[in-house]
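Colleague: sequence unavailable; structure follows:
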Ligand SMILES: Cc1ncc(C[n+]2csc(CCOP(=O)(O)OP(=O)(O)O)c2C)c(N)n1
Ligand SMILES: [Mg+2]
């Protein structure tokens, strides 16, 4: 599928279907941990920026990062297995939904701490620059992180050192049950980044083509040493976590928010332009459903991690066990 707009549609359909399956897995008791966060409604941000990145680029995500990793080449089978806490998952079942990572695909880690993954990309971008690599590092985070001091320290250093770093705020309007205008006095998000010397823009996340084009431009300039910030406006279609029924939002608001659907918008545009037919769309949906069903089957059929592996991959290789780490004074 060489036409970029069809690739964007395909990725968004994959993300939504993956998230729907994750939700079902969770309700059936198959997910590890007590909560997980779905990115339904935010596919335009994940696919738009994700497809504008290049192989070798690095990134971190927040706790709502499944879609971003899928768009960067994450294998849905290994992702689903990780979410289910299985030994075949990306982190052998120890990371789960909120701490999944894969260095081979440039995923430096999801992070459950709001803003936690942001400073990591400043270090990665410094490494890319120092090593003369033509790579960029991107932090994906929510609007809640706009209220975290670490974002401003990170943007300051990225601008001061002219690093190939891009800060992408997925503004879904809410941090848990708190609407952004109840959390911040100033809602001009790009303005906050500009104050630190970054190039900054805002884009409608329900228009994935616009996200993709803007991301390409900002990433290109970031590679040349002009760090950037991008706020992607969207709406979290469902609750904060799978069990949250969003009692703090009115029905009317949710209806209007869900009408801002990046998949519907692109699909209708492509159909109207003759780039897509109903038959091709149906085929794409079926292919995606088969792919994601297979991911669930793979996760369910995979073994639990063996108890003897509990302390493997927890410390750096030189500190293979908790006992060695303790002996060297790394842990108490
Ligand atoms: C430092 C910190 N404070 C509070 C929390 C609890 N918490 C988890 S998610 C969340 C809301 C985050 O909102 P946002 O950054 O907008 O991301 P979204 O959930 O909307 O994708 C909060 C407050 C946390 N994980 N870390
Ligand atoms: Mg939010």
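Modeller: Received, thanks. Just so you know, these numbers come straight off a predicted model, no measurement behind them. Numbering: from 1, shown residues only. Ligands and ions are numbered 1, 2, ... in the order given.

Colleague: which residue packs closest to residue 127, ignoring adjacent ones?
Modeller: Counting by Cβ to Cβ, 6 or more residues apart in numbering, the nearest residue to residue 127 once its immediate chain neighbours are dropped is residue 133, at 7.9 Å. In this view, the C-beta of every residue, glycine as well, is placed from N, C-alpha and C.

Colleague: ok, the one you found touching residue 55?
Modeller: No: proximity of residue 133 to residue 55 does not meet the contact threshold set by Cβ atoms under 8 Å, at 11.9 Å.

Colleague: ok, the two, which is more surrounded?
Modeller: residue 133 (14 against 9; other Cβ atoms under 10 Å).

Colleague: that one: what secondary structure?
Modeller: Following DSSP: H, G, I helix; E, B strand; the rest coil, the label given to residue 133 is coil.

Colleague: for the stretch 101-250 of the chain, just list every one of the helices.
Modeller: Ranges of helices in the stretch 101-250 of the chain, per DSSP state H, counting those that start in this stretch, are 118-130, 149-160, 180-183, 189-194, 208-223.

Colleague: helices and strands around the shortest one, which ones?
Modeller: Here helix 180-183 is seen to pack against no other helix or strand when contacts are counted using 3 or more Cβ pairs under 8 Å, 6 or more residues apart in numbering; DSSP states H and E.

Colleague: what does the protein put close to ligand 1?
Modeller: Taking Cβ under 6 Å from any ligand atom as the criterion, the neighbours of ligand 1 within the chain are 37, 62-64, 112-114, 142-145, 172, 174-176, 236, 240.

Colleague: can you do 5 Å?
Modeller: Neighbours of ligand 1 within the chain, by Cβ under 5 Å from any ligand atom: 64, 113, 114, 142, 143, 144, 145, 172, 175, 176.

Colleague: and the fifth one, what does it touch?
Modeller: It refers to residue 143. 169, 170, 171, 172, 173, 174, 175, 180, 183, 189 (Cβ atoms under 8 Å, 6 or more residues apart in numbering).

Colleague: again, only this time at 7 Å
Modeller: With contacts defined as Cβ atoms under 7 Å, 6 or more residues apart in numbering, residue 143 is in contact with 169, 171, 172, 173, 175, 180.

Colleague: just the fourth one next, same as before
Modeller: Each residue near residue 142 by Cβ under 7 Å, 6+ apart is listed here: 62, 64, 170, 172, 175.

Colleague: next helix or strand past the strand or helix carrying residue 271?
Modeller: Secondary-structure assignment from DSSP states H and E places residue 271 in helix 262-272. Scanning forward in sequence from helix 262-272, with DSSP H and E defining helices and strands, the next element found is helix 278-301.

Colleague: what does that following helix contact?
Modeller: 10, 13-14, 17-18, 21, 25, 30, 76-77, 80-81, 84, 86, 267.

Colleague: would you turn the helices of the stretch 101-250 of the chain into a markdown table with mean pLDDT and mean neighbour count?
Modeller: Listed next are the helices of the stretch 101-250 of the chain as a markdown table, based on pLDDT from 0 to 100; neighbours: other Cβ atoms under 10 Å:
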| stretch | mean pLDDT | mean neighbour count |
| --- | --- | --- |
| helix 118-130 | 98 | 20 |
| helix 149-160 | 98 | 19 |
| helix 180-183 | 98 | 13 |
| helix 189-194 | 98 | 19 |
| helix 208-223 | 98 | 20 |
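
Colleague: relative to ligand 2, which of the ones you listed is closest?
Modeller: With Cβ to the ion as the criterion, ligand 2 lies closest to helix 180-183 of those, at 7.3 Å.

Colleague: does that closest one come close to ligand 2?
Modeller: No: residues of helix 180-183 are not located near ligand 2 by Cβ under 5 Å from the ion, the shortest gap being 7.3 Å.

Colleague: strands - which of the contacts of residue 143 land there?
Modeller: Within these, residues falling in strands by DSSP state E are 169, 171, 175.

Colleague: okay, now the closest residue to the last one other than its chain neighbours: neighbour count?
Modeller: Same thing as residue 175. Nearest residue to residue 175, sequence neighbours excluded (Cβ to Cβ, 6+ apart): residue 144, at 3.1 Å. The burial metric for residue 144, expressed as a neighbour count using other Cβ under 10 Å, is 21.

Colleague: picking that back up, switch the contacts of residue 142 over to JSON lines; also include neighbour count, distance to residue 3 and pLDDT.
Modeller: Shown next, in JSON lines, are the contacts of residue 142 (neighbours: other Cβ atoms under 10 Å; distance: Cβ to Cβ, whole Å; pLDDT from 0 to 100):
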{"residue": "62", "neighbour count": "26", "distance to residue 3": "30", "pLDDT": "98"}
{"residue": "64", "neighbour count": "27", "distance to residue 3": "28", "pLDDT": "98"}
{"residue": "170", "neighbour count": "28", "distance to residue 3": "25", "pLDDT": "98"}
{"residue": "172", "neighbour count": "24", "distance to residue 3": "28", "pLDDT": "98"}
{"residue": "175", "neighbour count": "19", "distance to residue 3": "36", "pLDDT": "98"}
